[in-house]
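In: with the input below, show me the fold.
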Amino acid sequence: MPPPEKFELSSTFVHLGLGSIARELPDFAWTEEYLEGYERATAGDGPEGRLVTMSPQATTWTSWERHPAGDELVVQVDGRSILIQDLDDGEHRLELGPGEAVINPKGVWHTADVVEPGTALFITPGVGTEHRPR
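Out: The predicted structure follows:
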């Protein structure tokens, strides 16, 4: 087996699957076609599969999302944002700064307001993410 090569997590995402596997996704695209193919390719991992992304957070989100398959970990790498969770008793707002993290519980709608552009790391259930307009 050849030695592993380094890569930029901001451009090459990773899938974590059953059996403690980690697979690079160098051609990942936020398109419906790619996401459907990703879900098919990783379906065997079921709700245990996780997508690891590090993405720029330049502007406030224009939609809400939720993950019915499990919890999501969000780590604010740099910059500042306000994560908003739509809970039974109303919106819960958490300001995140560099190095701070929060868990979006399974099935909870969430969005974010960007206070200072930066980067966030997401460890997300790999299947079933849903969106709705903000």
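
In: in the helix or strand of the chain with the lowest mean pLDDT, what's buried?
Out: Lowest mean confidence among the helices and strands of the chain (mean pLDDT, DSSP states H and E): helix 32-41, at a mean of 91. By 16 or more other CB atoms under 10 Å, the buried positions in helix 32-41 come out as 35, 38. Where you see a C-beta, it was placed from the backbone N, CA and C, and this is true even at glycine.

In: got the angle for the helix or strand following that helix vs helix 32-41?
Out: Following helix 32-41 in sequence order, the next helix or strand is strand 50-57 (DSSP states H and E). Computed by axes from the mean of the first three to the mean of the last three CA atoms, to 10 degrees, the angle separating strand 50-57 from helix 32-41 equals 150 degrees.

In: how about the CA coordinates for strand 50-57, as CSV?
Out: What follows is strand 50-57, C-alpha atoms only, in CSV (Å, rounded to 0.1, in the frame of the first residue of the first chain):
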residue,chain,number,x,y,z
ARG,A,50,-20.5,10.8,8.2
LEU,A,51,-19.5,13.5,5.7
VAL,A,52,-16.6,15.7,6.9
THR,A,53,-16.3,19.1,5.2
MET,A,54,-14.4,22.3,5.9
SER,A,55,-16.2,25.1,4.2
PRO,A,56,-15.9,28.9,4.0
GLN,A,57,-18.7,30.7,5.7
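
In: what's that strand packed up against?
Out: Contacts defined by 3 or more CB pairs under 8 Å, 6 or more residues apart in numbering; DSSP states H and E place strand 50-57 against strand 13-17, strand 72-87, strand 109-125.
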